[in-house]
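Colleague: Show me how the following folds:
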Amino acid sequence: MSDELQDRIEQYLSGEMAPHHKVEFEQELITNKQLAENVRLYMLAHAEIQFAGRELLKSYAQKAYQATKGQEKKTIFLRPMVWGSIAAAIALLILFVILFPQSSRELDTDELFAEYYVPHSAIEARNLDESEHVLREGLDNYYEKNYDKAIAALSQAADSLDGADLLLANFFLGQSYIETGKTEAALLSFAKVSEGSLYGYVSRWNIALAYVRLNKMKEAREQLKTIRSNPNYQFYHRKADELLEILPTE
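Modeller: Numbering: from 1, shown residues only. Have a look, this model is predicted:
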């Protein structure tokens, strides 16, 4: 990939591209599959950086905990009665594990969702035409975390737009619904984002996670298996495998 092409992609995703150049670029995305693939990879790389950053923070926190856990060790002598209580507690714990294995225990679906969901924010701002002022208003409110206002504006924009801007409106409408806890509505918005489009890959992943959040494990597993079997979703394969191991099969 040439430096010039990289600059164009970065300008487009950062919102620094001039409006008339943006229109030309999006028209080229429709006909140039290699360009569309390059932009998709840039977007996925951005999401990977966000996910990796969060995992790194978790790793540092775990290391800090392990480092402090070994400090100020003390030898404690327990009376026979205390040892008896501990033995009884251990026996109850073993019985609980036998009767209720991990796969059958109720999952904290909100916690699991939060662990794997990364809001996509590759486009921090866009130079939109005057005719797209409602979409601009929706995106501005989304990035300012005024999600109710974002939903109102993006819903209005989705009713009047088409092409790439319609996909953009539906995608960020879905993320706005996620942020307000309206997961069912988010599913409908993400489902309207075309498969194979720039946001389609992220939308499919978000749909799987939304089903997890709603505790619809059968639907979640179906989405994850689709992701796992499609080479275009290679970025999500490892995380899909992790979730398929965690989610109950029934």
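Colleague: I'd say residue 13 and residue 39 touch.
Modeller: Yes. Contact criterion CB atoms under 8 Å: residue 13 and residue 39 qualify, at 7.3 Å. For the C-beta atoms, the positions are set from N, CA and C on the backbone; glycine is no exception.
Colleague: Chain neighbours aside, what residue packs nearest to residue 195?
Modeller: Distance criterion CB to CB, 6 or more residues apart in numbering; nearest residue to residue 195, sequence neighbours excluded, is residue 204 at 7.2 Å.
Colleague: Contacts only, for that neighbour.
Modeller: 190, 195, 223, 226-227, 233 (CB atoms under 8 Å, 6 or more residues apart in numbering).
Colleague: Now for it, which secondary structure element holds it?
Modeller: helix 200-213 (DSSP states H and E).
Colleague: What's the first helix or strand after that helix?
Modeller: helix 217-229.
Colleague: Next one: residue 166 from residue 199, what distance?
Modeller: Counting by CB to CB, to the nearest Å, the gap from residue 166 to residue 199 is 11 Å.
Colleague: Pick out whichever of the two has more residues nearby.
Modeller: Neighbours around residue 166 and residue 199, counted as other CB atoms under 10 Å, are more numerous at residue 199. The numbers are 24 against 18.
Colleague: That one touches residue 193, doesn't it?
Modeller: Yes. Here residue 199 reaches residue 193: they are 5.0 Å apart, a contact under CB under 8 Å.
Colleague: Overlap of the contact sets of those two?
Modeller: Looking at what touches both residue 199 and residue 193 (by CB under 8 Å, 6+ apart), the common residues are 167, 171.
Colleague: Show me where the chain has its helices.
Modeller: With DSSP state H applied, the chain shows helices at 3-14, 19-31, 33-69, 80-99, 109-116, 133-143, 147-158, 163-179, 183-191, 200-213, 217-229, 234-246, listed in chain order.
Colleague: Going by mean pLDDT, which of these comes out lowest?
Modeller: Ranked by mean pLDDT, the helices of the chain bottom out at helix 80-99, with a mean of 53.
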